[in-house]
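# one predicted model, sequence on top.
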Amino acid sequence: MEAILQRVKKVTENRMPYQQVGKVISGQGLVYQTHLPNASIGSTVLFSCENGEESEGEVVSLNDKFCFCIPYKDLAGINRHTKIFLKSLQTELQLSDELLGKVVDYAGKPLDENLKIHYSSEKRNIYGAPLSPLARVPIHEPLQLGVKSIDGFITVGKGQRIAIMAGSGVGKSVLMGMISRNTNA
């Protein structure tokens with residue numbers, strides 16, 4: 001009985017008890033200010049234009065009265081009369097082992113339209129749960145990045161995460177290219 005209750009709870013805990021409808025207030029670039037009560041960051045929404053165009057999207061920011069959403073596809077007919085529906089409180093994707101090695105779009109669908117994927121009934125949140133740092137494998141083996149200024153001043157280990165932070169136009173992408181070409185991994 002306990003197992004059944006846990007499965008029911010897992011299926012229903014992030015479902016909407018009733019349909020929530022809002023509307024677009026304004027837009028700036030790709031971000032649209034909307035009035036959509038009870039939305040949270042990461043919620044999945046559906047933009048529905050008067051001309052019949054539709055696109056899923058995601059809530060990316062909130063303030064006191066409004067939420068800010070980005071549609072996943074370009075919508076030509078979006079205006080102040082565009083309705084927005086709150087589909088779920090989390091952005092989730094269906095899973096399948098057949099997706100390994102495939103190029104997929106924002107919804108996890110393969111870009112090769114001729115490919116038929118058999119999805120499991122399991123869905124997972126796209127953000128996932130963070131791994132415990134203590135559960136990770138310890139780093140013991142050094143990794144030569146092939147960039148003398150980095151290799152000479154700091155030691156980077158295989159499996160280590162590193163942060164590359166700098167202002168715009170400084171060369172972060174150039175550095176990443178040098179590392180990817182010259183690393184002896």
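Thanks, I have it.
# so where do the helices sit in this structure?
Taking DSSP state H as the criterion, the chain carries its helices at 2-12, 148-153, 172-182.
# surely Pro71 is in contact with Glu54?
No - taking CB atoms under 8 Å as the contact criterion, Pro71 and Glu54 are not neighbours in contact, 9.3 Å apart. C-betas here are computed from N, CA, C, even on glycine.
# look up how far Gln94 lies from the most centrally placed residue in the chain.
In the chain, the C-alpha nearest the mean C-alpha coordinate belongs to Ile126, at 5.5 Å (CA atoms, centre = their mean). Separation of Ile126 from Gln94 (CB to CB, to the nearest Å): 11 Å.
# could you do Ser132 as well?
Distance check for Ser132 against Gln94: by CB to CB, it reads 27 Å.
# who's more crowded, those two?
Neighbours per residue, other CB atoms under 10 Å: of Ser132 and Gln94, the larger number sits with Gln94, 15 against 7.
# could you find the closest non-adjacent residue to the more buried one?
In space, Gln94 comes closest to Tyr119 once its chain neighbours are excluded; the distance is 4.1 Å by CB to CB, 6 or more residues apart in numbering.
# now for the one you found: which residues touch it?
Counting by CB atoms under 8 Å, 6 or more residues apart in numbering, Tyr119 touches Gln94, Leu95, Ser96.
# the last one is in contact with Leu115, isn't it?
No - in this structure Ser96 lies outside contact range of Leu115 using CB under 8 Å: 11.0 Å.
# so between those two, which is more surrounded?
For Ser96 versus Leu115, the count of surrounding residues by other CB under 10 Å is larger for Ser96: 15 against 11.
# output the below-cut-off pLDDT ranges for the chain.
Low-confidence regions of the chain, defined here as pLDDT under 70, cover residues 8-19, 185.
# tell me the domain boundaries of it?
Here the chain is described, according to automatic domain parsing, as comprising the domains 2-90, 94-129, 136-182.
# winner for burial among those domains?
domain 2-90 (a mean of 15; mean count of other CB atoms under 10 Å).
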